[in-house]
Every structure is written in structure tokens, then in C-alpha cells.
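**Q** Coordinates only, no sequence provided:
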């Protein structure tokens with residue numbers, strides 16, 4: 001479920017507007033993407049919205065959100081994000097509209113169970129949950145996947161904190177465990193802060209002097225993932241017998257989004 005909702009939510013970061021900027025709004029593509037992501041929160045201070053984007057460095061997120069909100073109001077960003085993501089999904093999935101009924105049903109089920117789960121401190125998920133379900137089935141499915149992704153993302157940061165790691169330390173450990181090729185937002189943190197995180201991980205015995213993960217580090221990273229999974233189990237419990245059919249319905253759309261990623 002996580003792999004599929006992550007992939008479909010990725011449409012917002014893979015669509016052309018994420019690289020060229022949103023048409024008719026004058027700001028950088030990075031600021032556009034970030035402002036659109038947090039737009040469901042409404043016109044809150046950029047620093048407040050940035051906290052919902054952890055583990056991205058708050059200073060970077062706040063700067064981009066401030067630029068975006070200065071260029072256009074949150075409501076416009078929110079509407080355009082859904083529009084652009086749905087258009088991208090249609091473009092890469094081909095006959096997706098032929099699956100309209102399946103998409104509508106899958107989206108409706110996901111919206112229902114997500115609205116029935118607790119927010120668990122996930123501010124952006126809570127804001128998205130209060131929004132009405134889009135009438136367009138493709139955009140509706142994207143929104144449901146976005147809600148799940150934001151809920152799980154917040155749970156992941158909370159899990160890392162419970163295991164004694166701050167967001168930057170989590171990212172440094174993830175890179176050490178999975179290798180330098182893994183895509184993370186570690187680069188949003190200044191080098192000095194990354195070096196400090198590496199030093200603390202060495203003190204904890206999670207990485208060696210070369211920065212490679214130790215057995216203890218891999219075990220900690222796996223424990224964080226497991227804690228996140230357990231926190232996410234309420235979604236599976238609410239889905240019940242629908243879980244398998246929802247995964248099956250999401251699979252071709254998720255695969256199409258991944259195949260459509262820019263090279």
C-alpha cells in the first residue's frame with residue numbers, strides 16, 4: 001500500500017510543472033512545488049508550514065514556502081497542484097479514464113478510511129482530510145494517496161524521534177544504510193549540520209569512522225521503519241477485506257507514474 005500511494009503521490013513532484021514552475025505564477029519551480037504541497041494548511045506563516053515538511057531542513061522549506069506564498073495565495077496553489085498531478089497521471093497512464101469507475105471506487109474507499117483514522121499529530125494530513133473530495137476520480141485518487149503519504153511521513157519523523165534521532169540524523173543514517181545513491185532530502189541540510197549528525201551517529205555506534213552503517217545502525221533504521229509500519233496499521237485495519245482489492249487497483253497507476261518519471 002505504501003509503495004503504491006507513494007508512487008501516485010509522486011505525480012506532484014514528477015509532473016512538468018515541478019521542473020518548469022506553475023504556469024502563470026512567477027516563482028521558482030522549487031518554491032512552487034513546496035508552496036503547493038503545504039497549501040492545504042492555508043495562509044499560515046512559512047516557518048509553521050515548514051515544520052510539516054520534515055525531514056526537509058526547516059530553513060530551506062520556510063524560504064521556499066515564503067517565496068511561493070508571496071507569488072500566489074494558498075488556495076490557488078492547492079487547486080493547481082491537484083490539477084497538474086491529475087493531468088500528469090492521465091498522460092502517463094494512457095487509458096486511465098477507462099478505469100474511471102475503479103479509480104472512483106478506490107479513491108472513495110481510501111478517503112473513507114483515512115478520514116476515520118486519527119491524525120496522530122500529522123498537521124498536513126489533518127488539513128488535507130478537512131478538504132472536500134475532488135469530483136474528478138483521478139484527482140480524487142491522487143488526493144487520497146497524498147493524504148496517506150503525508151500521514152505516514154509525519155509518523156516516520158515521530159518514529160525517528162522515539163528512537164533518539166532528529167530529522168537530519170535520520171537522513172544521514174538512511175544514506176549510510178541504503179548507500180549514497182538513495183534519493184533523500186539530505187542535501188537540504190547544510191554540510192555543518194550533516195557533519196554534526198554523522199558525529200553523533202558515530203558516538204551512538206550507528207556508523208563507523210568512514211560513515212558506513214554498523215550492524216547497530218542498520219538495526220536502528222529497521223526499527224524506525226517497523227515503528228512507522230505499526231503506526232500505519234490502523235489504515236490496514238480500517239480497510240479490512242478491501243485492502244487487497246485496493247492494492248490491486250492502485251498497482252497499474254503507480255507503475256505508470258514510475259515509468260513516466262523524467263530521466
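**A** Noted; the coordinates are in hand. Remember, predicted model here, so these are calculated numbers, not experimental data.
**Q** Low-confidence ranges, the protein, go.
**A** Applying pLDDT under 70 to the chain picks out residues 97, 181-183.
**Q** middle-most residue in it, spatially?
**A** For the chain, residue 149 is the residue whose C-alpha lies nearest the centre (C-alpha atoms, centre = their mean; 4.6 Å).
**Q** if I've got this straight, residue 121 is in a strand?
**A** No: read with DSSP: H, G, I helix; E, B strand; the rest coil, residue 121 is coil and lies in no strand.
**Q** which one is the residue nearest to the centre of the chain nearest to, not counting chain neighbours?
**A** Computed as C-beta to C-beta, 6 or more residues apart in numbering, the closest residue to residue 149 that is not its neighbour in sequence is residue 9, at 4.2 Å. Placement of C-beta: from N, CA and C, glycine included.
**Q** With residue 86 instead?
**A** residue 139 (4.0 Å).
**Q** other SSEs contacting the host helix or strand of residue 232?
**A** Using DSSP states H and E, residue 232 maps to helix 215-239. Applying 3 or more C-beta pairs under 8 Å, 6 or more residues apart in numbering; DSSP states H and E, one finds that helix 215-239 makes contact with helix 100-116, helix 137-162, helix 167-178, helix 191-204.
**Q** can we see that at 10 Å?
**A** The contact analysis (3 or more C-beta pairs under 10 Å, 6 or more residues apart in numbering; DSSP states H and E) places helix 215-239 against helix 2-9, helix 100-116, helix 137-162, helix 167-178, helix 191-204, helix 243-259.
**Q** So for residue 34, which of those sits nearest?
**A** Residue 34 lies closest, by C-beta to C-beta, to one member of the helices and strands packed on helix 215-239: helix 137-162, at 13.4 Å.
**Q** now the closest one against helix 215-239, angle please.
**A** 140 degrees (axes from the mean of the first three to the mean of the last three C-alpha atoms, to 10 degrees).
**Q** For residue 131, find the nearest of the helices and strands packed on helix 215-239.
**A** The nearest among the helices and strands packed on helix 215-239, by C-beta to C-beta, is helix 137-162 at 7.5 Å.
**Q** Quick check: buried residues in stretch 155-167?
**A** Under the neighbour-count criterion of 16 or more other C-beta atoms under 10 Å, stretch 155-167 has 155-160, 165-167 buried.
**Q** Do I have it right that residue 21 meets residue 28?
**A** Yes: counting by C-beta atoms under 10 Å, residue 21 touches residue 28, with 6.6 Å between them.
**Q** what residues are shared contacts of the two?
**A** Jointly contacting residue 21 and residue 28 under the rule C-beta atoms under 10 Å, 6 or more residues apart in numbering are residue 71.
**Q** In terms of packing, which of these two has more residues around it?
**A** Using other C-beta atoms under 10 Å as the criterion, residue 21 and residue 28 rank with residue 21 on top: 18 against 13.
**Q** pretty sure residue 197 contacts residue 173?
**A** Yes: with contact defined as C-beta under 10 Å, residue 197 reaches residue 173; the gap is 8.2 Å.
**Q** Now do the same contact list for the residue in the chain sticking out farthest from the centre.
**A** The outermost residue of the chain, judged against the average C-alpha position, is residue 209 (31.8 Å), by C-alpha atoms, centre = their mean. By C-beta under 10 Å, 6+ apart, the contact set of residue 209 is residue 202.
**Q** ok, it to residue 198 distance?
**A** Distance, residue 209 to residue 198, using C-beta to C-beta, to the nearest Å: 10 Å.
**Q** Tell me the one among the buried residues of stretch 155-167 nearest to residue 227.
**A** residue 159 (3.9 Å).
**Q** surely that closest one meets residue 121?
**A** No: assessed by C-beta under 10 Å, residue 159 is found out of contact with residue 121, at 11.8 Å.
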